[in-house]
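Visitor: Take this sequence and fold it.
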Amino acid sequence: MTERVFRTPPRAAILTVAFLLGAAFFAAGTALPSASAGAKVGFRLAALLLLLVAIRCARLRIVANADGLKLYGPLFNQTIQWADIRAIVSSETEVDARTFGVRTPIIVLGTGRKVKAQPVSSYSLFGGDGTPADRIAAELEQLRTSRQR
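Guide: You can find the predicted model right below:
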(Lines give C-alpha, C1' and ligand atoms only; values in the text may rest on other atoms or scores of the structure.)
Protein backbone atom coordinates (compact mmCIF):
# COMPACT_ATOMS: atom_id res chain seq x y z
CA MET A 1 0.00 0.00 0.00
CA THR A 2 1.33 3.40 -0.90
CA GLU A 3 1.19 6.21 1.59
CA ARG A 4 -1.93 8.41 1.35
CA VAL A 5 -2.24 11.84 2.90
CA PHE A 6 -5.59 13.29 4.00
CA ARG A 7 -6.09 17.01 4.75
CA THR A 8 -8.89 19.56 5.17
CA PRO A 9 -7.22 22.80 3.99
CA PRO A 10 -10.02 25.26 4.89
CA ARG A 11 -10.06 24.35 8.60
CA ALA A 12 -6.25 24.21 8.74
CA ALA A 13 -6.05 27.67 7.15
CA ILE A 14 -8.61 29.15 9.56
CA LEU A 15 -6.80 27.72 12.58
CA THR A 16 -3.40 28.83 11.27
CA VAL A 17 -4.57 32.40 10.75
CA ALA A 18 -6.27 32.49 14.16
CA PHE A 19 -3.13 31.36 15.97
CA LEU A 20 -0.95 33.73 13.91
CA LEU A 21 -3.21 36.62 14.94
CA GLY A 22 -2.90 35.54 18.56
CA ALA A 23 0.89 35.40 18.22
CA ALA A 24 0.91 38.87 16.67
CA PHE A 25 -1.23 40.20 19.52
CA PHE A 26 1.19 38.92 22.16
CA ALA A 27 4.21 40.02 20.12
CA ALA A 28 2.74 43.54 20.04
CA GLY A 29 2.53 43.40 23.82
CA THR A 30 6.31 43.37 24.00
CA ALA A 31 6.34 46.87 22.47
CA LEU A 32 4.24 48.39 25.25
CA PRO A 33 6.41 50.96 27.02
CA SER A 34 4.59 50.44 30.31
CA ALA A 35 5.11 46.65 30.35
CA SER A 36 7.58 45.33 32.89
CA ALA A 37 10.49 43.12 31.89
CA GLY A 38 8.64 40.09 33.27
CA ALA A 39 5.50 40.93 31.30
CA LYS A 40 7.55 41.30 28.12
CA VAL A 41 9.10 37.86 28.68
CA GLY A 42 5.60 36.45 29.19
CA PHE A 43 4.35 38.12 26.02
CA ARG A 44 7.31 36.73 24.06
CA LEU A 45 6.74 33.20 25.38
CA ALA A 46 3.01 33.34 24.59
CA ALA A 47 3.76 34.67 21.09
CA LEU A 48 6.31 31.92 20.50
CA LEU A 49 3.96 29.17 21.67
CA LEU A 50 1.11 30.46 19.51
CA LEU A 51 3.47 30.73 16.54
CA LEU A 52 4.52 27.09 17.01
CA VAL A 53 0.89 25.96 17.18
CA ALA A 54 0.12 28.00 14.03
CA ILE A 55 2.93 26.24 12.18
CA ARG A 56 1.64 22.85 13.32
CA CYS A 57 -1.93 23.79 12.30
CA ALA A 58 -0.71 24.54 8.79
CA ARG A 59 0.49 20.91 8.61
CA LEU A 60 -2.59 19.13 10.03
CA ARG A 61 -3.05 15.79 8.30
CA ILE A 62 -3.56 12.05 8.57
CA VAL A 63 -1.19 9.71 6.77
CA ALA A 64 -2.39 6.19 5.97
CA ASN A 65 0.25 3.58 5.16
CA ALA A 66 0.60 -0.20 5.29
CA ASP A 67 1.06 -0.19 9.07
CA GLY A 68 -1.81 2.09 10.05
CA LEU A 69 -2.67 5.74 10.54
CA LYS A 70 -0.47 8.60 11.69
CA LEU A 71 -2.36 11.61 13.00
CA TYR A 72 -0.47 14.92 12.92
CA GLY A 73 -2.37 17.35 15.15
CA PRO A 74 -1.67 20.85 16.43
CA LEU A 75 -0.28 19.61 19.75
CA PHE A 76 0.43 15.92 19.24
CA ASN A 77 1.24 13.13 16.83
CA GLN A 78 -0.36 9.73 17.23
CA THR A 79 0.12 6.39 15.47
CA ILE A 80 -2.65 3.78 15.37
CA GLN A 81 -2.07 0.34 13.87
CA TRP A 82 -4.68 -1.07 11.47
CA ALA A 83 -5.03 -4.14 13.69
CA ASP A 84 -6.20 -1.94 16.58
CA ILE A 85 -8.97 -0.25 14.57
CA ARG A 86 -12.47 -1.72 14.62
CA ALA A 87 -14.24 0.99 12.56
CA ILE A 88 -13.95 4.55 11.28
CA VAL A 89 -17.10 6.65 11.27
CA SER A 90 -17.92 10.34 11.03
CA SER A 91 -19.82 12.41 13.56
CA GLU A 92 -20.50 15.97 14.62
CA THR A 93 -18.24 16.26 17.64
CA GLU A 94 -18.55 19.87 18.73
CA VAL A 95 -20.01 23.24 17.89
CA ASP A 96 -17.68 26.22 17.39
CA ALA A 97 -18.94 29.62 18.53
CA ARG A 98 -22.45 28.14 18.94
CA THR A 99 -22.90 28.72 15.22
CA PHE A 100 -21.73 25.76 13.19
CA GLY A 101 -20.80 22.18 13.82
CA VAL A 102 -17.47 20.47 13.47
CA ARG A 103 -17.55 17.04 11.86
CA THR A 104 -14.73 14.67 12.67
CA PRO A 105 -13.81 11.13 11.67
CA ILE A 106 -13.99 8.92 14.76
CA ILE A 107 -11.58 5.98 14.97
CA VAL A 108 -13.17 3.21 17.03
CA LEU A 109 -10.51 0.97 18.55
CA GLY A 110 -10.90 -2.71 19.38
CA THR A 111 -11.02 -1.78 23.08
CA GLY A 112 -14.10 0.38 22.43
CA ARG A 113 -12.15 3.60 22.93
CA LYS A 114 -12.99 6.33 20.41
CA VAL A 115 -10.27 8.59 19.03
CA LYS A 116 -11.25 11.84 17.32
CA ALA A 117 -9.25 12.37 14.15
CA GLN A 118 -9.08 16.13 14.79
CA PRO A 119 -6.40 16.84 12.14
CA VAL A 120 -9.01 16.34 9.39
CA SER A 121 -12.07 17.86 11.05
CA SER A 122 -14.20 20.14 8.91
CA TYR A 123 -16.86 22.75 9.55
CA SER A 124 -20.49 21.90 8.85
CA LEU A 125 -22.39 25.16 8.43
CA PHE A 126 -25.80 23.58 7.87
CA GLY A 127 -25.44 20.33 9.82
CA GLY A 128 -25.60 16.86 8.42
CA ASP A 129 -23.00 14.89 6.57
CA GLY A 130 -21.34 15.55 3.23
CA THR A 131 -18.33 17.46 4.55
CA PRO A 132 -14.69 16.69 3.68
CA ALA A 133 -14.39 14.96 7.08
CA ASP A 134 -17.22 12.60 6.13
CA ARG A 135 -15.54 11.81 2.80
CA ILE A 136 -12.21 11.18 4.54
CA ALA A 137 -13.87 8.93 7.15
CA ALA A 138 -15.47 6.87 4.36
CA GLU A 139 -12.15 6.55 2.50
CA LEU A 140 -10.31 5.54 5.67
CA GLU A 141 -13.00 2.96 6.49
CA GLN A 142 -12.66 1.57 2.95
CA LEU A 143 -8.89 1.32 3.40
CA ARG A 144 -9.39 -0.42 6.75
CA THR A 145 -11.82 -2.99 5.35
CA SER A 146 -9.60 -3.67 2.34
CA ARG A 147 -6.71 -4.41 4.74
CA GLN A 148 -8.80 -7.16 6.41
CA ARG A 149 -9.34 -9.12 3.19
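
Visitor: Could you use CA atoms for every contact and neighbour count after this?
Guide: Will do.

Visitor: Quick check, pLDDT for the spatially most central residue of the chain.
Guide: Residue closest to the mean C-alpha point of the chain, counted by Cα atoms, centre = their mean, is residue 119 at 2.4 Å. What the model reports as pLDDT for residue 119 is 93.

Visitor: these two touch, right, it and residue 62?
Guide: Yes. Checked against Cα atoms under 8 Å, the pair residue 119 and residue 62 is within contact range at 6.6 Å.

Visitor: Can you work out which residues contact both of these two?
Guide: A shared contact of residue 119 and residue 62, defined by Cα atoms under 8 Å, 6 or more residues apart in numbering, is any residue touching both; here these are 7, 71-72.

Visitor: quick one: the strands in the protein?
Guide: With DSSP state E as the criterion, the chain has strands at 4-6, 61-64, 68-72, 77-81, 85-96, 100-109, 114-116, 122-124.

Visitor: Tell me which of these approaches residue 33 most closely.
Guide: With Cα to Cα as the measure, strand 85-96 is the member of the strands of the chain nearest residue 33 (35.9 Å).

Visitor: For the closest one, which strands pair with it and how are they oriented?
Guide: strand 100-109 (antiparallel) (DSSP bridges).

Visitor: I am finished for the moment; much appreciated.
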